[in-house]
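# okay, structure incoming, though there's no sequence with it:
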């Protein structure tokens, strides 16, 4: 077992494959930041108890588990949470709402309630059995003596006295396994994120609202609706343009459709003039009519998708050719971000749309490993022109994998189950991923409110009207919306939606701090309760509540709920809306009306909230009110920089430290940021106990 960084060990078994997630790591691990985590001499999982073997089908890894041990992680999952006692199949899919482990972003990393994490450095479709298999031993456990008389009794889950975690890796004959020490679960997750290169920091505009327009809109219709949102004073920072900007899609030409967009540069310039940033849709599969098709062909896979090429982003030449065309039509014209669609895979289906696992690519990757890595490599490729300009971006992607924490892309889905969306927000925290529960149509006005309430407390707050001509607050029904038939209560719903989006804007500086802490410490900005309260057994099954930053707990409600039970872990808690104080370690009933998502603030929190702005500009100054929850709040650090460039990584950033005690309050600004101030403290408000 080799110590590779503070609290991180590598074990090499056999001869590992060369093209693995760590081979394509975006940034090197940050040893300096890792030194700030608690010092650990050895992990809870010892190398001597790990068993490895090679067979004709691949290789397998056995790790011992304690009887009370629970396992979490394995990437983004919208159907599962506590992964103990299951078989998890780490395969990309475009239908993530399943209990198999397949998802938009499967990741071979897990974290244990014993306070350690394990990363299997493989892009193969790994199967992991988490405590529900038992190898033959010298002394066998006795099984149930009862005779099963039904299929339910026969196939019920059985608890084993001695549990084993088995990872089954096809084709490979060796692997590197990394063990991340705690001592707590959150420490192990933080180490994994810093091993990945540290968490990303979005531009300030990325934390505002993103609105994606109708897919059939051209420049004229897009500009008209963009102006209407400004006239309605609806907060919005990012305008999303869907596939209609290209001459061919499925597969893509990467050529402007001048019938719909006669003046691309003028269109982008006008939207920028309205205060919008631009995010354009694409997928990588390249149509024969594309100007780059012939040059890209030798640097693509040997199977087509939708009649187009599959670029090999694992080769520098493939990236260069693909980026040359994208830079010419998008980035050179001022496009700020991209939405990278269809870079995942289909489920097991008789009518597949993507490339087969038997595909071969010039880099040496086969189709199986390329499916795992395709979204990750696509993200890295599309970052290059942004980084060359010294800027930051905030994109969307439909597939990711391991070591993705430094990548400023948020995973999204075409699936639309609200409870699954919330579960995705909880699960993202274990493996360096980010997730957005987008909003489009709704089953009722109540459903619309509840969905918007969830998205404003996600990494990327998005209203995605790609199949609707008008915003859902005008008409929730897709068919009527596209006929321009408004709801009778449209004015009231529009006002309610505006108030909800303003709540998001009030949290922007607070969330920006959480992302800066993610970059510095590896602590996820949004995370499952078990990461903060690992020794509380009651949080091991809570998949519908999450921490938002350091001090706010979010408990979304769903359409049809008049009340919901909220578990408050140990400590003091305050209702965000009423300021009522609760003692933790109990459940409370939330009865929030349709415009109020249940929020609870942890006692001892300084919560800075901004006067909401309609969008973030280069000269935006956030006027903050600092709310003091509890008698002895911890200090809170705000981050101040230009909000758009990567100069903050070179130290061009201020830290604004807020302190409050009974003797008074202080604001201490330190750092090397020389630009105009972005933070102004307007008031302090003490939330008294009642």
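Ah, there it is. As the structure is a computational prediction, the values presented were derived from the model and not from experiment. Numbers count the residues shown, from 1 in each chain.

# ok, longest helix in this protein?
Counting by DSSP state H, the longest helix found in the chain is helix 367-388.

# state the mean pLDDT of it.
Average pLDDT, helix 367-388: 98.

# over to stretch 472-489?
Mean predicted confidence for stretch 472-489 is 98.

# from here on, count from 58
Sounds good: first residue 58 from here, last item stretch 529-546.

# got the contact list for that stretch?
496-502, 504-505, 520, 522, 524-527, 547, 550-551, 553-554 (Cβ atoms under 8 Å, 6 or more residues apart in numbering). Heads up, the C-betas are built off the backbone N, CA and C, glycines and all.

# and these, which of them are buried?
Buried members of the contacts of stretch 529-546, counted by 16 or more other Cβ atoms under 10 Å: 496-499, 502, 504-505, 520, 522, 525-527, 550-551, 553-554.

# in contact with the residue nearest to residue 85 when sequence neighbours are not counted, which residues?
Once flanking residues are discounted, residue 85 sits nearest to residue 254: 6.5 Å by Cβ to Cβ, 6 or more residues apart in numbering. Listed by Cβ under 8 Å, 6+ apart, the contact set of residue 254 reads 82, 83, 84, 85, 86, 87, 460, 462, 463.

# if we can go back for a sec, taking the buried ones among the contacts of stretch 529-546 together, which two end up most distant?
For those, the farthest-apart pair by Cβ to Cβ is 526 and 553; their separation is 20.9 Å.

# quick one: low-confidence residue ranges for this protein.
For the chain, the stretches with pLDDT under 70 are 195-206, 208-218, 747.

# surely residue 604 meets residue 584?
Yes: between residue 604 and residue 584 there is a contact under Cβ atoms under 8 Å: 5.2 Å.

# helices of the stretch 558-707 of the chain, residue ranges please.
565-578, 586-589 (DSSP state H, counting those that start in this stretch).

# residues in contact with the residue nearest the centre of the chain?
The chain has residue 491 as the residue nearest its centroid, 0.9 Å off, counting by Cα atoms, centre = their mean. Neighbouring residues of residue 491 by Cβ under 8 Å, 6+ apart: 257, 466, 467, 468, 485, 516, 517, 583.

# quick one: which of these is most hemmed in?
residue 466 (30 neighbours; other Cβ atoms under 10 Å).

# what about it, distance to residue 580?
19 Å (Cβ to Cβ, to the nearest Å).

# and for residue 396?
According to Cβ to Cβ, residue 396 stands 27 Å off from residue 580.

# secondary structure element for the closest residue in space to residue 135 that isn't next to it in sequence?
Distances taken as Cβ to Cβ, 6+ apart put residue 477 closest to residue 135, at 3.7 Å, once the chain neighbours are dropped. Per DSSP states H and E, residue 477 falls inside helix 475-484.

# so which bits of that helix are buried?
Residues 475, 477, 478, 479, 480, 481, 482, 483, 484 are the ones in helix 475-484 that count as buried (16+ other Cβ under 10 Å).

# who touches the third one in this structure?
Counting by Cβ under 8 Å, 6+ apart, residue 478 touches 135, 470, 492, 494, 508, 511.

# strands of the stretch 408-557 of the chain, start to end?
For the stretch 408-557 of the chain, the strands defined by DSSP state E, counting those that start in this stretch cover 452-454, 466-468, 518-521.

# which strands and helices sit next to the longest one?
Right, strand 518-521. Applying 3 or more Cβ pairs under 8 Å, 6 or more residues apart in numbering; DSSP states H and E, we find strand 518-521 packed against strand 266-269, helix 502-512.

# among those, which is the most enclosed?
strand 266-269 (a mean of 24; mean count of other Cβ atoms under 10 Å).

# against residue 727, how distant is residue 714?
In terms of Cβ to Cβ, residue 714 sits 7 Å off from residue 727.

# more crowded one of these two?
residue 714 (14 against 11).

# enumerate every residue touching the closest residue to the more buried one other than its chain neighbours.
Of all residues not flanking residue 714 in the chain, residue 725 sits nearest, at 4.5 Å (Cβ to Cβ, 6+ apart). Taking Cβ under 8 Å, 6+ apart, we find residue 725 in contact with 713, 714, 716.

# tabulate the helices and strands packed on strand 518-521 in a markdown table, adding columns for distance to residue 327.
Conversion of the helices and strands packed on strand 518-521 to a markdown table gives the following (distance: least, Cβ to Cβ, whole Å):
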| stretch | distance to residue 327 |
| --- | --- |
| strand 266-269 | 16 |
| helix 502-512 | 27 |
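
# tell me which of those sits nearest to residue 188.
Nearest of the helices and strands packed on strand 518-521 (Cβ to Cβ): helix 502-512, 31.5 Å.

# helices or strands next to that closest one in the packing?
Where contact means 3+ Cβ pairs under 8 Å, 6+ apart, helix 502-512 is packed against helix 475-484, strand 518-521, helix 547-563.

# what about 7 Å?
helix 475-484, helix 547-563 (3 or more Cβ pairs under 7 Å, 6 or more residues apart in numbering; DSSP states H and E).

# pull the distance from the first one to the chain's centre.
In this case it means helix 475-484. 11 Å (Cα atoms, centre = their mean, to the nearest Å).

# now do it against helix 502-512: the angle between them, please.
Orientation of helix 475-484 against helix 502-512 (axes from the mean of the first three to the mean of the last three Cα atoms, to 10 degrees) gives an angle of 10 degrees.

# so which of the contacts of residue 725 sit within helices?
Short answer: those have none in helices (DSSP H).

# now tabulate those residues in JSON lines and tack on distance to residue 76.
As requested, those are exported to JSON lines (distance: Cβ to Cβ, whole Å):
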{"residue": "713", "distance to residue 76": "44"}
{"residue": "714", "distance to residue 76": "45"}
{"residue": "716", "distance to residue 76": "50"}
